[in-house]
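Q: let me see the structure of the following:
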Amino acid sequence: MKIHFYTKGDEKIGDSRQRAMRIADELRERSIDTVVHWPPVVLISTTRWPKKFFLIVTTILSLFSIKKRDIVFLQRTIGNKYFFAIIVAYLTLFRRKMIFDFDDAIYMHDFYKTKKLVQMADVVFVCSRALQTWVRQYNKNVHIFHTTVKLADYAKYTKDYSVPQSPLIIGWVGTARDHYKNLSLLAEVFKKLPARTAVPFKFLLIGVWGFPKIKELFEPTAGLNVEFVEYLPPGKMAPTIQSFDIGVNPLVEKGEWNMSRSSYKPYEYMACGLAQITSAVGEITHVVHDGVNGYLADSVDEWVEKLAKLLESRELLAQLGAAGQKTIREEESYEVAVPRMQKIIEQL
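A: Prediction:
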């Protein structure tokens, strides 16, 4: 048996990397043969004719390598009409086993393609209870796998709270342009936080990517110690998170899209043993338990209150950080999730 992965994007696209390419690597380490086929669906969509024709032919030819007992793994492959038509025709004609994986409410943008692949799938993998509920209208064999991390890659960068540090670092990492509204919440928090605690802190924002409006959010705040980093080089995520004292993950919109998501940043924070605060939005509320392995916050005042508690207690930082890492180790890491996924695959 070989698992043939077809992905939305390449290694640079986070969900394709974490939900397909890394999964393929992990399964291979467990003696399951895997291959990630090229081109990704996004590349087909963004390539102009006549080069697009070459990519379509390459995709068709790759299908001839799939044997009778092999499995097709489709990671969010709804973004191109040519790929969709080809894969639906192939699965209809050759009756291969198929896994469909997606991690956002993509049916809001492309209902027909999402519904069709869900109906055709032998099993569906999603990242949240909200998506699971939607899928069950069309396919009962659906399982939740959060978009998570390999703990071994992060645990070697576990935060050591016994080492004194001043000022304490409140850190955020991501693509700032995509999170302007979310970061606006933090800007309001930092206007109020100095009045709540005398503990000195610095806000480290990583991922400006040349977007000047982000700096304009925070620079006018009187007395705020803030540092902006344009981007992180490859391989620097875990050691950078280790340099934080508190990780933050604000989300302001509570529409269907965000309520169906499983935020990725909290998993990285927790894997490094970092105390963190995340907005009480979506699937993450089933992973972060308020005051146990992290903090959940909603309003600006709640963010201020809980950040102040963390800044004022190194013991609380260490306690929540250790509990968060324990959650990743025992419930959420690749080391736990992939064996469960493997068992499902082997039963197809």
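Q: just the CA atoms of stretch 185-199, as CSV, please.
A: Extracted in CSV, the C-alpha atoms of stretch 185-199 (Å, rounded to 0.1, in the frame of the first residue of the first chain):
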residue,chain,number,x,y,z
LEU,A,185,-7.0,44.1,19.9
LEU,A,186,-3.5,43.8,21.4
ALA,A,187,-2.9,47.5,20.7
GLU,A,188,-5.9,48.3,22.9
VAL,A,189,-4.6,45.9,25.6
PHE,A,190,-1.2,47.5,25.7
LYS,A,191,-2.7,50.9,26.3
LYS,A,192,-4.3,49.7,29.5
LEU,A,193,-1.8,47.1,30.7
PRO,A,194,0.9,49.5,32.2
ALA,A,195,-1.8,50.9,34.6
ARG,A,196,-2.5,47.3,35.8
THR,A,197,1.1,46.2,36.5
ALA,A,198,4.4,47.8,37.2
VAL,A,199,6.3,44.8,35.9
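Q: just for the stretch 101-250 of the chain, where's the confidence low?
A: Along the stretch 101-250 of the chain, no part satisfies pLDDT under 70.
Q: and the strands in it?
A: Assigned by DSSP state E, counting those that start in this stretch, the strands in the stretch 101-250 of the chain fall at 123-126, 142-144, 168-173, 201-206, 226-229, 246-249.
Q: parallel or antiparallel, list what pairs with the first one.
A: The strands that strand 123-126 pairs with in its sheet are strand 97-101 (parallel), strand 142-144 (parallel) (by DSSP bridges).
Q: the first one: how far from the chain's middle?
A: On the basis of Cα atoms, centre = their mean, to the nearest Å, strand 97-101 is displaced by 20 Å from the centre of the chain it belongs to.
Q: next one: the shortest one
A: Distance of strand 142-144 from the chain centroid (Cα atoms, centre = their mean) equals 16 Å.
Q: what comes into contact with it?
A: 123-129, 132, 135-136, 341, 344 (Cβ atoms under 8 Å, 6 or more residues apart in numbering). Any C-beta I mention is one placed from the backbone N, CA and C, and that applies to glycine too.
Q: contacting residues for the residue nearest to V292 when sequence neighbours are not counted?
A: Excluding its sequence neighbours, the residue lying closest to V292 (Cβ to Cβ, 6 or more residues apart in numbering) is A323, at 6.0 Å. Going by Cβ under 8 Å, 6+ apart, A323 touches 292-294.
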